[in-house]
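Trainee: below are the sequence and a predicted model; questions follow.
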Amino acid sequence: MRQTWRWFGPRDRVTIDSVLQAGVEGVVSALHHIPTGSVWHPAEIAQRQAEIAVTPAGRPSGLKWEVVESLPVSEDIKRQSGDWRAHIEAWKQSLCNLGAAGIDVVCYNFMPVLDWTRTDLAFPMASGATCMRFDLTVFAAFDIHILRRAGAAESYDPEIVADAGKKFARMDASLIDGLVRNILCGLPGAAESFTLEDLRDQLAAYSGVDAQGLRSNLVDFLSEVAPVAQNLGMRLCCHPDDPPMPLLGLPRIMSTEGDYATILQAVDVMANGVTLCSGSLGARPDNDLTGMMERLGDRVHFLHLRNVKRESPDLQTSFYESAHLDGDCDMVALIDAVLRQEKRRRGAGRVDASIPFRPDHGQDILDDLGRRAQPGYPSIGRLKGLAELRGIIAALSHGSARHG
């Protein structure tokens, strides 16, 4: 398992110095400043590679940009509207430019409008740490009473609707403003510029797109880009919905093992693969993460290892981001399945035998609490998670070496 670390570029509060000290082998990054739908040109790619290659003091870091997260898929592509054909051509050209620069793993997602959704970005834990949390009742209060989406109440159980009304009645202007900021933070690149009216416009643009239509559009997209990636020796990996449940009346099509199996079969080339995110998929109780790794592992090209604690057994549920070994995912069993998959790949002589993973998210602890890093991406909290994951990998690998 190849250890990587997500870095958001020169503005990231966690510097390349810190990434280097974490002891990882590679960096996961993206060109967030380039507008969605535009080509990632070689000069821009080379600039990010150069930024990763040196510390702020100018010393060589020895690190390389190994995984792209994410090469964004435009809303036009997802809806097959507007400039979607031109955007696909730009995406394909970006793949060619990334491949020429030696980067061969590209993560993306196909979530309409929202990249991820949380109601609290700093939920206080008993230990004094903070974490990100999705409160279903609070989100329903936002949807029904703040966004005022038509038909919103029909998306929730009656008791959730009733509780949401009570919660909203107790919210003052400050709490409402904070909740809106937290939810809009999940809009890709738009946390500072999107308004509620912008969100309403985005939702309206999807009024004629159901799950079947969105899935068909994803297959069309992959039918265009996956053969390009295959010819370049690159691997594409779709990130699951976060959280893996319908939100705001939008279709969600990458939430379960069945969703992935459908897409992998529809475009059946090795370049079309999976980002197995144990946190996103783990927020849904009917997802068997270890089983997914066993059954889909041949096409798992990237791993996000984090944990969540669900607050009910329902498919629609609140959850919070726990420490890496404390949530509902059996991380030991999952990593064991990954190591078995890697052994099979080595036996088959695959060049991708070592699957890149990163310690995804983490609780804010110690100095993280004042750092104000990218939400979900603290320095020390991720380092703690990485240390725990390394311990599991070392223990399981040691046993494998001793017992064959």
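Mentor: Now that the structure is in, tell me what you want to look at.

Trainee: could you say which helix or strand holds R284?
Mentor: Secondary structure from DSSP states H and E places R284 outside every helix and strand.

Trainee: can you pull the contacts of it?
Mentor: Counting by C-beta atoms under 8 Å, 6 or more residues apart in numbering, R284 makes contact with 243-245, 255-256, 315. Every residue, glycine included, has its C-beta placed from N, CA and C.

Trainee: one more pass at 10 Å, please.
Mentor: Contacts for R284 were tallied using C-beta atoms under 10 Å, 6 or more residues apart in numbering; they are 240-241, 243-245, 255-256, 308, 310, 314-317, 319, 328.

Trainee: for S397, same thing?
Mentor: Counting by C-beta under 10 Å, 6+ apart, S397 makes contact with 1, 335, 339, 342.

Trainee: state the pLDDT value of the second one.
Mentor: In this prediction, I335 carries a pLDDT score of 98.

Trainee: how about the secondary structure of the closest residue in space to R235 that isn't next to it in sequence?
Mentor: Distances taken as C-beta to C-beta, 6 or more residues apart in numbering place H301 nearest to R235, at 4.1 Å, with adjacent residues excluded. Using DSSP: H, G, I helix; E, B strand; the rest coil, the structure places H301 in strand.

Trainee: what number of residues lie near H301?
Mentor: 24 (other C-beta atoms under 10 Å).

Trainee: follow-up on the earlier one: identify the farthest-apart pair in the contacts of S397.
Mentor: Pairwise distances across those (C-beta to C-beta) peak at 10.4 Å, for the pair I335 and E342.

Trainee: quickly list what's touching both of the two.
Mentor: 1, 397.

Trainee: these two: which is more packed in?
Mentor: Using other C-beta under 10 Å as the criterion, I335 and E342 rank with I335 on top: 23 against 19.

Trainee: can you tell me the element that one falls in?
Mentor: I335 belongs to helix 331-348 when assigned by DSSP H and E.

Trainee: what do you get for S127?
Mentor: Assigned by DSSP H and E, S127 falls within no helix or strand.

Trainee: what about it, neighbour count?
Mentor: Residues lying near S127 (other C-beta under 10 Å) number 9.

Trainee: quick check, A86 in a helix?
Mentor: Yes - A86: assigned to a helix according to three-state DSSP.

Trainee: now it: how far from E44?
Mentor: 19 Å (C-beta to C-beta, to the nearest Å).

Trainee: next: G82.
Mentor: From G82 over to E44 (counting by C-beta to C-beta), the distance is 24 Å.

Trainee: model confidence score at the spatially most central residue of the chain, please.
Mentor: By C-alpha atoms, centre = their mean, the chain has its centre lying nearest to H239, at 5.5 Å. pLDDT, H239: 98.

Trainee: gap between it and G82?
Mentor: H239 is 23 Å from G82, by C-beta to C-beta.

Trainee: kindly report the same for D298.
Mentor: 36 Å.

Trainee: now do L63
Mentor: Taken as C-beta to C-beta, the span from L63 to G82 is 38 Å.

Trainee: who has more neighbours, those two?
Mentor: L63 (21 against 14).

Trainee: my guess is the more buried one contacts V24. True?
Mentor: Yes - L63 is within contact range of V24, at 7.5 Å (criterion: C-beta atoms under 10 Å).

Trainee: overlap of the contact sets of the two?
Mentor: The overlap between the contact sets of L63 and V24 (C-beta under 10 Å, 6+ apart) consists of 4-5, 7.

Trainee: now the longest helix seen in the chain: buried residues?
Mentor: In the chain, taking DSSP state H as the definition, the longest helix is helix 379-403. Buried positions in helix 379-403, judged by neighbour count with 16 or more other C-beta atoms under 10 Å: 379-386, 388-389, 392-393, 396.

Trainee: mind putting those into CSV with distance to R200 and pLDDT?
Mentor: Listed next are these as CSV, based on distance: C-beta to C-beta, whole Å; pLDDT from 0 to 100:
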residue, distance to R200, pLDDT
S379, 36, 95
I380, 39, 96
G381, 35, 97
R382, 35, 97
L383, 40, 97
K384, 40, 97
G385, 37, 97
L386, 40, 98
E388, 42, 98
L389, 41, 98
I392, 45, 97
I393, 46, 97
L396, 49, 96
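
Trainee: now, among those residues, which is nearest to A283?
Mentor: Of all the buried residues of helix 379-403, A283 sits closest to G385, with 17.0 Å by C-beta to C-beta.
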